[in-house]
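Chemist: build the 3D model from these lines:
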Amino acid sequence: MFTRKEQLIARTGKNKVGRFEFLKLLTNEFKTSKSKEAKTQVLANLVNFAYDPINYEYLRKLRVIDLFLYLLSEDDKDFVRFSIGGICNLCLDPQNKDYIIHSHGVQAVSSLLTSSDEETVLSAITTLMFLITPFSKPLITSPEIIESMIYFSNSSNIRIKNLATIFLTDYCSDTNVKHIKEHPTVVPVSAIPLPSVMNSRLFTLCARYSRSYSAKLPSKLASDQNLKPGDSITITKSITEDDILSFAKLTDDFNPIHITSPKNIVHGAFLNGLVSGVIGTKLPGAGTIVVEQIIRYPKPCYAGDTVSITVEIVTVRKIIKCKYRCIANMERIVLEGEAKLMASNAQVKKISFTQ
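Modeler: Here you go, the predicted structure:
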């Protein structure tokens, strides 16, 4: 790896601006393209550029790290595989590493340990090792992650087994590993589907679409979770004209600005419903009741926008306080607010949805 700035500048050649402009074009093409295949190829190119330290300053300016982090919660398996690959490529850089850690990157990366895609899991384990610092180590070597690594260390998949063994040997104390083996967590790690062995080439430029489904660990009741201030989750949702029309039919709100305008605006209550869905099923999770809520709509959200919904825990007492935000296309805040929550004492039957 190139370590001196003079060497990096020399490698760039005379056309330094061209490199930045090309990366800018790629980033803009990803944001504006409607073609899934085009987006995949652009993302693969960005991942390739993330190998080279000369590009790090440009990638930071263009917020490509934010793009990679944002896409980790996508349903599209190729997007997730490429994005974690991009993060893995650039996270050893101290500035990039610090930014990822303080952007809740450890939580986002560790959630990929439940993926059924081999390359995604390999990149996630490697990235977690690369992200270890004195500040992040307690989070990366949490009991839940160590238990996942113990499970992976018994895998028949040699690549995953070897990486998990390195993680346990180099970054975890024998005492902690022994304790977790003797006292497993509430959610059984056997719920994690081990990826099958694949003879695939990592980060092929023109990726083809995968058909397997990434299983998720079941969420727990809010009252049973070890919630802490700072816990957060982000999911994404692309809002279509059909979504808006279905919501209008449900609520009988056929305001023309939602239905027949040149650029249909998403109902505010629809966006709040997305937030409610995250709170009630993801964080804090099943059984959560909203008792008070403050909502602001800084900018409109339009049909066709891809919205990221982030919920973050602020305080944890008898009343749980959280804040939330919806961002359209990674650039426009369309909803933000705070809420006070309670965990229901009623028995809750968890409903799972399949695609």
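Chemist: C-alpha from now on. contacts and neighbour counts both.
Modeler: Noted.
Chemist: which SS state does I333 fall under?
Modeler: Using DSSP: H, G, I helix; E, B strand; the rest coil as the criterion, the local structure at I333 reads strand.
Chemist: got the contact list for it?
Modeler: Residues touching I333, when contacts are defined by Cα atoms under 8 Å, 6 or more residues apart in numbering, comprise 297-299, 325-327.
Chemist: switch to 6 Å and redo it
Modeler: Under the criterion of Cα atoms under 6 Å, 6 or more residues apart in numbering, the neighbours of I333 are 326-327.
Chemist: for K34, give its distance to S308.
Modeler: Counting by Cα to Cα, to the nearest Å, the gap between K34 and S308 amounts to 18 Å.
Chemist: and those two? Which one has more around it.
Modeler: Each of K34 and S308 had its neighbours counted (other Cα atoms under 10 Å), and the higher figure belongs to S308 (24 against 11).
Chemist: that's a strand at the more buried one, yeah?
Modeler: Yes. Read with three-state DSSP, S308 is one of the residues of a strand.
Chemist: quick check: phi and psi at V290.
Modeler: Torsion angles at V290 (phi, psi; degrees, to the nearest 10) stand at phi -80, psi 120.
Chemist: swap that for I265, please
Modeler: Torsion angles, degrees, to the nearest 10, at I265: phi -90, psi 140.
Chemist: residues of whatever helix or strand N45 lives in that come out buried?
Modeler: N45 belongs to helix 36-49 when assigned by DSSP states H and E. Using 16 or more other Cα atoms under 10 Å as the test for burial, helix 36-49 gives 39-49.
Chemist: and those, which two are furthest apart?
Modeler: Distances among those were taken as Cα to Cα; the most separated pair is K39 and F49, at 15.4 Å.
Chemist: so where's the stretch 1-150 of the chain shaky on pLDDT?
Modeler: Low-confidence regions of the stretch 1-150 of the chain, defined here as pLDDT under 70, cover residues 1-17.
Chemist: how's this structure carved up into domains?
Modeler: Under the assignment named as automatic domain parsing, the residue ranges that make up the domains of the chain are 5-191, 222-343.
Chemist: who touches the top helix by length along the chain?
Modeler: As far as residue count goes, and with DSSP state H defining each element, the longest helix of the chain is helix 16-32. The set of residues external to helix 16-32 that reach it, using Cα under 6 Å, 6+ apart, is 39, 58.
Chemist: the nearest residue to P184 once chain neighbours are set aside: how many residues sit nearby?
Modeler: Spatial nearest neighbour of P184, excluding adjacent residues (Cα to Cα, 6 or more residues apart in numbering): E147 at 7.2 Å. Close neighbours of E147, defined as other Cα under 10 Å, add up to 22.
Chemist: likewise for V291?
Modeler: Under the neighbour criterion other Cα under 10 Å, V291 is assigned a count of 11.
Chemist: residue boundaries of the strands in the chain?
Modeler: Counting by DSSP state E, one finds strands in the chain at the ranges 232-238, 288-296, 306-316, 320-328, 332-343.
Chemist: got those as a markdown table, with distance to E57 and mean pLDDT columns?
Modeler: Compiled in a markdown table, the strands of the chain are given as follows (distance: least, Cα to Cα, whole Å; pLDDT from 0 to 100):
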| stretch | distance to E57 | mean pLDDT |
| --- | --- | --- |
| strand 232-238 | 26 | 89 |
| strand 288-296 | 34 | 88 |
| strand 306-316 | 25 | 91 |
| strand 320-328 | 24 | 92 |
| strand 332-343 | 24 | 89 |
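Chemist: so which of those is the most packed in?
Modeler: Per residue and on average, the most neighbours among the strands of the chain fall to strand 320-328, with a mean of 23 (mean count of other Cα atoms under 10 Å).
Chemist: packing partners of that strand?
Modeler: For strand 320-328, the contact count by 3 or more Cα pairs under 6 Å, 6 or more residues apart in numbering; DSSP states H and E identifies strand 306-316, strand 332-343 as packing neighbours.
Chemist: of the ones you listed, which is nearest R63?
Modeler: Shortest separation from R63 across the helices and strands packed on strand 320-328 is recorded for strand 332-343, at 14.3 Å, computed as Cα to Cα.
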